[in-house]
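Q: Kindly return the folded structure for what I paste below:
(4 chains)
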Amino acid sequence: MIEVSTDAIDAGKLKAELLHPGAGGFCSFEGWVRNENDGRSVRRLEYEAYEPLVIAEGKKVLAEARQRFPYLAARCVHRTGLLEVGDLAVWVGVASAHREEAFKACRYIIDEIKVRLPIWKKEHYTNGDSGWVNCERCAEHRQD
Amino acid sequence: MIEVSTDAIDAGKLKAELLHPGAGGFCSFEGWVRNENDGRSVRRLEYEAYEPLVIAEGKKVLAEARQRFPYLAARCVHRTGLLEVGDLAVWVGVASAHREEAFKACRYIIDEIKVRLPIWKKEHYTNGDSGWVNCERCAEHRQD
Amino acid sequence: MSPPEKTITVRYFAVFREHAGIGEETLSLSVATAKDVFERTRLRHGSSEPNGHCKVAINDEMADWSSPVNDGDTVLLFPPVAGG
Amino acid sequence: MSPPEKTITVRYFAVFREHAGIGEETLSLSVATAKDVFERTRLRHGSSEPNGHCKVAINDEMADWSSPVNDGDTVLLFPPVAGG
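A: The predicted structure follows:
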């Protein structure tokens, strides 16, 4: 299951929903807003997502991960809106019988999410500038 | 930092202590007591640890992981005593600038802990039997 | 001979929306493919080409730049993604 | 000629402790190495050989089976570990 949320992500609650009596291993990944990117000092981040396709593509990613690394339960939530340094931007959790599948499925899910799902990140720097990540060459005539 | 605990592990509290403004990725692994092992139905587990050497060897493992996959902060807690199905037996958390180091260091730490630290696991089966894991051929004259 | 005019709703996201100053508009365009829509709206979103990092969806399904667009379709123009 | 007798404290863990029915005992043993201690206490811990899966520590330091033991040392006999 994958979700988009404008509210703070409650990692403990999400994990509790993955409990399974046959699960011996649980791996989670959290993306935190950090204070620096590419040498620039970051004050906050802004995430925009197109929810219908985040959900549709996210389901495909989870199904692919399950086929490759059979797990018992997995879940992903991505935050949108304005986030401060230290805030939780994305949470992925995978429960499986053994740790191998949990680690590999979790890694697969976050790697695919970062490149396939329609989610965009705008960095707001401490010097007042801002910029969309991966978009240096997107626009010919950007306002700076 | 590595610890042995007879009390329930509070994953949320442990994670909060790893928060770091330069951390963009956090990976955690949890070992949960599951209801089955090698085809036998498990009711509960009993963990025994020799704490002085768990701490000493555990520190070495964390230092090795940091050298191979430079992370910002890491922590591990292993539970001892009687645990029921679904209980949290071990928690490993790693925060790093990027996700690569967090995943790899977390995996390295749990893999090494499982084979190097003086911690033993006794399975109590639903049929009333019990047995120490990995010890089938340890004792010549075991009472069964 | 140019293709017949079609009514196409175009949606802009993230940097494209900011550059266009609008999230969505409905246009009459002589277009055959998603790539044609991208090029005909260049002045709006400001990007010179649908390179490998930009993506497109038609009616909420991920599509290719060569996918055909039909009268009444909604075309979503996605700048490079950056989740997580 | 057997080595001189040494006072050695031996500690048993997990299945070894259960089999010995005791966690620790102090013995006078004619031993040179950790392996000798393992073999001299075989009837206690019940294991036939210090195979690759058993481990040993001397005075709270991980050791090898060929490590020398000295008078007054504490030798810890570890059955195969199973953390996590």
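Q: Strand partners (parallel or antiparallel) of the helix or strand containing C:K6?
A: Following DSSP states H and E, one finds C:K6 within strand C:5-12. Take DSSP bridges as the rule and strand C:5-12 pairs in its sheet with strand C:24-30 (antiparallel), strand C:74-78 (parallel).
Q: And the contacts of it?
A: Contacts with strand C:5-12, where a contact means Cβ atoms under 8 Å, 6 or more residues apart in numbering or on different chains, come from C:19-20, C:22-31, C:37, C:41, C:44-45, C:69-77. (Glycine included, C-beta is placed from N, CA and C.)
Q: list the buried ones in the helix-or-strand element of chain C with minimal mean pLDDT?
A: Lowest on mean pLDDT, DSSP states H and E among the helices and strands of chain C sits helix C:42-45, with a mean of 92. Neighbour-count burial for helix C:42-45 flags C:R44, C:H45 (criterion: 16 or more other Cβ atoms under 10 Å in any protein chain shown).
Q: Remind me what the next helix or strand after that helix packs against, helices and strands.
A: Next along the chain after helix C:42-45, taking DSSP H and E as the criterion, comes strand C:55-58. The elements that strand C:55-58 packs onto, with contact taken as 3 or more Cβ pairs under 8 Å, 6 or more residues apart in numbering or on different chains; DSSP states H and E, are helix C:34-40, strand C:61-63, strand C:74-78.
Q: now strand C:55-58: mean pLDDT?
A: Average pLDDT, strand C:55-58: 96.
Q: so how far is stretch A:49-61 off the chain centroid?
A: Distance, stretch centre to chain centre, for stretch A:49-61: 12 Å (Cα atoms, centre = their mean, to the nearest Å).
Q: ok, now stretch C:44-59?
A: Counting by Cα atoms, centre = their mean, stretch C:44-59 comes out at 6 Å from the chain centroid.
Q: Which pLDDT value does the model give the residue in chain C that chain D sits nearest to?
A: Proximity of chain C to chain D (Cβ to the nearest Cβ) peaks at C:G84, 27.7 Å away. Per-residue confidence (pLDDT) for C:G84: 84.
Q: surely it meets A:I113?
A: Yes: in this structure, C:G84 is within contact of A:I113 by Cβ atoms under 8 Å, at 5.9 Å.
Q: Quick check on those two: which one has the bigger neighbour count.
A: Each of C:G84 and A:I113 has its neighbours counted (other Cβ atoms under 10 Å in any protein chain shown); A:I113 has more, 25 against 22.
Q: Strands along chain A, start to end?
A: Assigned by DSSP state E, the strands in chain A fall at A:2-5, A:25-32, A:36-37, A:40-49, A:73-79, A:81-84, A:88-96, A:119-125, A:130-132.
Q: Whether the fifth one contacts chain C - can you check?
A: Translated: strand A:73-79. Yes: judged by Cβ under 8 Å from any Cβ of the partner chain, strand A:73-79 and chain C are in contact via A:H78.
Q: Direction included, what does that strand pair against?
A: By DSSP bridges, strand A:73-79 pairs with strand A:2-5 (parallel), strand A:88-96 (antiparallel).
Q: check contacts around A:A73.
A: A:A73 makes contact with A:E17, A:L18, A:H20, A:A23, A:V94, A:A95, according to Cβ under 8 Å, 6+ apart.
Q: same thing but 7 Å
A: A:L18, A:H20, A:A95 (Cβ atoms under 7 Å, 6 or more residues apart in numbering or on different chains).
Q: Please name the bridge partners of A:E30.
A: Beta-bridge partners, per DSSP bridges, of A:E30: A:W91, B:F26.
Q: For the nearest residue to C:S66 once chain neighbours are set aside, name its beta-bridge partners.
A: Among residues not flanking C:S66 along the chain, C:T33 sits closest, at 5.4 Å (Cβ to Cβ, 6 or more residues apart in numbering or on different chains). Under DSSP bridges, the beta-bridge partners of C:T33 are C:P68.
Q: Would you mind measuring from C:T33 to A:R116?
A: Per Cβ to Cβ, to the nearest Å, C:T33 is found 22 Å from A:R116.
Q: A:V94 too?
A: Counting by Cβ to Cβ - A:V94 and A:R116 are separated by 18 Å.
Q: quick one, which of those two is more surrounded?
A: With neighbours defined as other Cβ under 10 Å, A:V94 and A:R116 compare such that A:V94 has more, 30 against 18.
Q: Contacts only, for the more buried one.
A: By Cβ under 7 Å, 6+ apart, the neighbours of A:V94 are A:C27, A:Y71, A:A74, A:A102, A:A105, A:C106.
Q: cool, C:P80 as well?
A: Taking Cβ under 7 Å, 6+ apart, one finds A:N134, A:C135, A:C138, C:H53, C:C54 in contact with C:P80.
Q: Not counting sequence-adjacent ones, nearest residue to the first one?
A: What it means is A:N134. Nearest non-adjacent residue to A:N134 (Cβ to Cβ, 6+ apart): C:P80, at 4.0 Å.
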